[in-house]
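**Student:** Sequence and predicted structure are below.
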Amino acid sequence: MADAVPHSPFARVETQNVDFPALERAILQFWDEKDIFERRKARNAGRPRWSFLDGPITANNPMGVHHAWGRTYKDAYNRYFAMAGRDLRYQQGFDCQGLWVEVEVEKELKAEGKKLDAKRDIENLVPGDEPASIDYFVQRCKDRVDKYARVQTDQSIRLGYWMNWDRGDADWAERPDERKSYFTMSEGNNYTIWSFLKKCHHKGLIYRGYDVMPWCGRCGVGLSEMEMKEGYKLVGHKAAFVKLPLRDRPGENLLVWTTTPWTLTSNVGAAVNPDLTYLKVRLKDEVYYVAKGAFKLNRMEGGGDEDEPTPAAKKKTRDWLDGVPHLPSIEQHFKSKAGKGASYEVVGEVKGADLLGLAYRGPFDGLPAQNHEYGFPEEVAKVTRQGGQWPAVTAAAAHKVIDGGKDVTETEGTGIVHTAPGCGQIDYGWGRANGLPPVAPIDDAGTFVDGFGPLEGMNAADPATAEVVFEELKKADRLFATERYVHRYPHCWRCKTELLYRLVDEWFINMGPRNTEEGFRGDIMKVVDRVTFLPESLNGRARERDWLWNMGDWMVSKKRFWGLTLPIWVDDQDPTDFEVIGSREELKERAVEGWEEFDGHTPHRPWVDKVKIKNPRTGNLMSRIPDVGNPWLDAGIVAYSTMPADWRPADFITESFPGQFRNWFYALLAMSTMMSDGQEPPFKTLLGHGLVKDQFGKDMHKSEGNSIEFVAAADTGGTVRDAKGNPQPFAAIGADVMRWLYCRQNPAGNVNFGPDPADEVRARFILKLWNCYGFFCNYAALDGFDPGLPQVPACERADIDRWLLSDLQLLIKTARAAFERYDVMAFCLAAEEFVDAKLSNWYVRRNRDRFWSKTAELDEAGRRDKRAAYQTLHTVLLDLCRLCAPVIPFLTEVMWRNLRAGAGAESVHLTDYPAADEELVDAGLSEEMEAARGVVSLGLTARNAAGVNVRRPLAGLRVRPAGDAGRRAVDRFAALIADELNVKQVSLAEEPLLRRSAALNPKTAKARFKGKPEPAAAALAGMDPEAVAADLAAGMFALLGVPLTADDVILTEAAPGGWAGASDKGTQVAIDTRITPELRAEGLARDVVRFVQNARKDAGLDVADRIELFLGTDAELRAAIDAHWPTIAAETQAVRRLDAPPADGFTAAVAVDGRPLTIALRKV
RNA sequence: GCGCGUAUAGCUCAGUUGGCUAGAGCGCAGCUCUGAUAAAGCUGAGGUCCUUGGUUCGAAUCCAAGUACGCGCACCA
């Protein structure tokens, strides 16, 4: 460039094809090299604390994009509070123990060719050596956790999540207890849970219990409700109607129905609903009891247990499988059994209440299992006897009709429910309430144990077993009918095996009586009342309380291998005598055997199993139960196991909420309540957020190919499917785009993630911010702007500068308030509005010529004004960097490093969060600018309505503002409005500018006036439109006696001849559309400028290049060009006007308003 | 079945304490502007603010009932 430009400290900025992910990676390196994180921590050390507790991430696989939502929140709030000067802990955690890891390790082992079809195969990985097998398996689980914890660490760092990470091999060689992140498998974590369980035991809350729960025979493990819900499938089973003869009424039978025939071996009771009416149906020489409502019911119409008759249209047909015959009614069963020509006969009706207590003979009373006091097998009987709720009877002797209450309906089965307390949850409850002892037929592989005669050794899930049951029933004349039945039945989510309901021996924490606020349950509720749940709309406290109110006792045991070893030692001779050990030291003290073997190992299986203690009461040895713990114990203890006392309670936690009210949130609250004796909540504020869905709002599933790996989104790019299901490759999205996308979301809902939403976020915010930054830097560099010059006092800057600074202060206030109340979305939406509407589309656009002006051509005032513009934009960009730094730490760092121009902090993350400067706030000015923008918008509307380009200058604009702000705006910003709308003059009007007119809405007119709207239309035409409008607004307008609403009348506003108008919320504008020859010439000249600019661009010239210009055209256009040549020359950087095209120039032929124009230009 | 929540444009969603003509983005149609622009602006079509009733001068907003969907709990013989 010819002019001598002072050196500028600003680097030029690329605004096309920016590779944001690459910039981010460079920033990661910068942070490392300059120790930025350590320096941030050092700056804040010793200042007031802000305590964050990180919920542990399951270290079992690489991260997906769904992990990034919560982790973005965690980091954004951490960074905000760090910039706000608080001291933080920065400890992140890994969830290590549990079945999820076992599942993956099983897959690994299988892939290595190991035989692994059942749980027992794990115990035989080292053939014949169970402890060695378990040790190997547990070690593999530990290894897998380490491997993926490390992967997740690297990925979290890539996301920008600032934590005290374990980085090098040396860090990872440490024991989990010594690492910087916490690991739930650490000894500290496990022993702290021991102390929790011991505390529970002190209060008498730990008990060994039997309950019936869904069980997978292949995995040998019980499934929780959560796990069960994932495995429902529609399947067909053989169902049976079975006769239960009443002891004291010969020839009379209860008729029961079941879809699980194998449970008939364990039948103990029959439940009726006392309020229902039962029919006595005679068939041949026997009588059967069946619920009246069930008898003729169409059993293919599902889901109808309502009292009111349902409208036929609403009745839904039951889901059914092809090829399975539809169900007959019970009546049809009777008819078909009656045989040709014969029929059944209803011989009476009784109330269910009248059947209660009747004894009957069971279907398998000959089995040893049915003839054992207190139930079967022996272990079960032992517990039942000690429970004290059962009398000393055998199952066979206990058979009777019991009260099932409303749980017994007549819409399914016969209205009499076969009850097997050893095979069903509700049955177990009924059994306990009615003294029916439980008979538990199957072992942990799902096979019949001894005591079940012909069924011994058979698997309950095997269809052949049902056939054997039927054979036995037939022999005893107990089988009334069988049929194929289709229903949704739970399956194991891992191996797809049908689940069986099984009475199992598990360990529980007594939570206190259900549906009360008593006991442990009540203590937790009191703590819940002291924490804040966000976002408010989720009603988190109510959800948590609802769960606490309804939950059952906490089953803490799991019959698996990898996990917390429950510190429960049981007397070898007496299964009811147990102790809970609270620490490693206590165990060492109590150990009488096996300590040497255990010593030096983590408290995991199989090592801790070797330790035996002595029962002080009996002198017997006590052995640890083989169970491992519920993994929510691991995660729930972390408030105590990882946070020093002086950091408790945590100020803040945040996690995805679905499921967590009964999982992590619950475990955390429950365990902290116990550990602090109800004194202290684990956290003060909880922010929940929803789920990450794909870009169409569907659940992400690996199997459906719509989930996105974190690494793909951050760095490598990947492929998803588009709306039509075709593969849609996408480029890397980068961390900041992802982070902004998550932060701008409403946490109460789900977020749709994918390349399309990412593009939208990038275009709508990231690029706008970047372009404003690029504009500043590129002109500052070109111009040699020196940021070290003295600041022009704000009061001496242009209105638009002071307006932008004022609105910036408002944004700062919004930002601080939003972060303080954990509402980063409010900040993001406000920042987007500021950058888009105010900075990019108003301030930068309105002020471009101030930045373009040539310093050398300006007078002192002009130079000062230019400096003010640079300083204003510079200040705003610097503050925006700091404001947005918690959300988009990379991009703001890139910008900051250039914008700071060698002064100030080396990193934006070493700065303080901005504080608003009240002196810069000018509410009146903000209001006026807002009004001015409204007037401009209306003016553009008016131009558009008149069909006149903005390039064509017009003579005048009249404005009738609705209020005082508008009036002040027109006074103050007349020049701005005139310029923006390309009019010569802007003036205020006191009188209405637009004339209203009223017409009938043709859509409704015919209906209102019975097909003849013409007279009404004529009457309306004769009325005063203003009065019509007023009456309509008041809701009291009538025409020819017909009342009309605002929908019936179309009110329009128009400006008088030669003007075009528009109005909004009471503000009216009218623009003079009459074009004089002078205005026309000026407009043509502007067209010429635009075409020349295009030609320059096409010729590949730089903005600063000067040209010689030839313009060949007709007389009128030439006259316009002559009249406005100085403007054209200045705008297009033309130093000379040529009379003929230059020989070696760039030439373009265009049409200006229909006139030919030849442009020829040459760089000089 | 019990409890909680949600319902606003074709899609994704904003809408503070009730207030005048209910908004944004994307998509669609048309127009415009443009040497910071992967841009942007304007206009249009598209709304029973789920329905009904109530409170109020006034309801998308508050209250009640209903419907649909989601979630939690219980259950699925």
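**Tutor:** Okay, I see it.
**Student:** The closest residue to RNA strand B within the stretch 151-300 of chain A pairs with what?
**Tutor:** Using CB to the nearest atom of the strand, the closest approach of the stretch 151-300 of chain A to RNA strand B is made by A:T258 at 3.4 Å. (Each C-beta comes from the backbone N, C-alpha and C, glycine too.) Under DSSP bridges, the beta-bridge partners of A:T258 are A:A240.
**Student:** What's the local residue count around it?
**Tutor:** 22 (other CB atoms under 10 Å).
**Student:** OK, contacts around it?
**Tutor:** Contact analysis of A:T258 by CB atoms under 8 Å, 6 or more residues apart in numbering lists A:239-240, A:242, A:264, A:413, A:418.
**Student:** What pLDDT does the model give the closest residue to RNA strand B within the stretch 501-650 of chain A?
**Tutor:** As assessed by CB to the nearest atom of the strand, RNA strand B sits closest to A:N550 within the stretch 501-650 of chain A, at 3.6 Å. We have a pLDDT of 82 for A:N550.
**Student:** just A:A965 next, same as before
**Tutor:** pLDDT, read off for A:A965, is 79.
**Student:** what about it, how many neighbours?
**Tutor:** So A:A965, with other CB under 10 Å, has 18 neighbours.
**Student:** quick one: average confidence on the longest helix seen in chain A?
**Tutor:** Using DSSP state H, we find that the single longest helix of chain A is helix A:130-159. Averaging pLDDT along helix A:130-159 yields 97.
**Student:** so how far is A:G1154 from A:A1160?
**Tutor:** To A:G1154, A:A1160 is 21 Å away according to CB to CB, to the nearest Å.
**Student:** The helix or strand harbouring A:E506 and RNA strand B in contact?
**Tutor:** Using DSSP states H and E, A:E506 maps to strand A:500-509. No - shown here: strand A:500-509 not in contact with RNA strand B (CB under 7 Å from any atom of the strand), separated by at least 7.6 Å.
**Student:** Tell me the first helix or strand C-terminal of that strand.
**Tutor:** helix A:519-528.
**Student:** Please name every helix or strand in contact with that next one.
**Tutor:** Helix A:519-528 sits against helix A:540-550, helix A:664-675, with contacts defined as 3 or more CB pairs under 8 Å, 6 or more residues apart in numbering; DSSP states H and E.
**Student:** In chain A, what residue lies closest to RNA strand B?
**Tutor:** Proximity of chain A to RNA strand B (CB to the nearest atom of the strand) peaks at A:R1096, 2.7 Å away.
**Student:** Flag every residue of the stretch 751-900 of chain A that's near RNA strand B.
**Tutor:** Counting by CB under 7 Å from any atom of the strand, the stretch 751-900 of chain A sits next to RNA strand B at A:751-752, A:760, A:763-764, A:767-768, A:771-772, A:774-775, A:778, A:829, A:836, A:840-841, A:844-845, A:848, A:852.
**Student:** Give me the subset of those that lies in helices.
**Tutor:** Among these, DSSP H puts A:760, A:767-768, A:771-772, A:774-775, A:778, A:829, A:845, A:848, A:852 in helices.
**Student:** I'm done for today, thanks for sticking with me.
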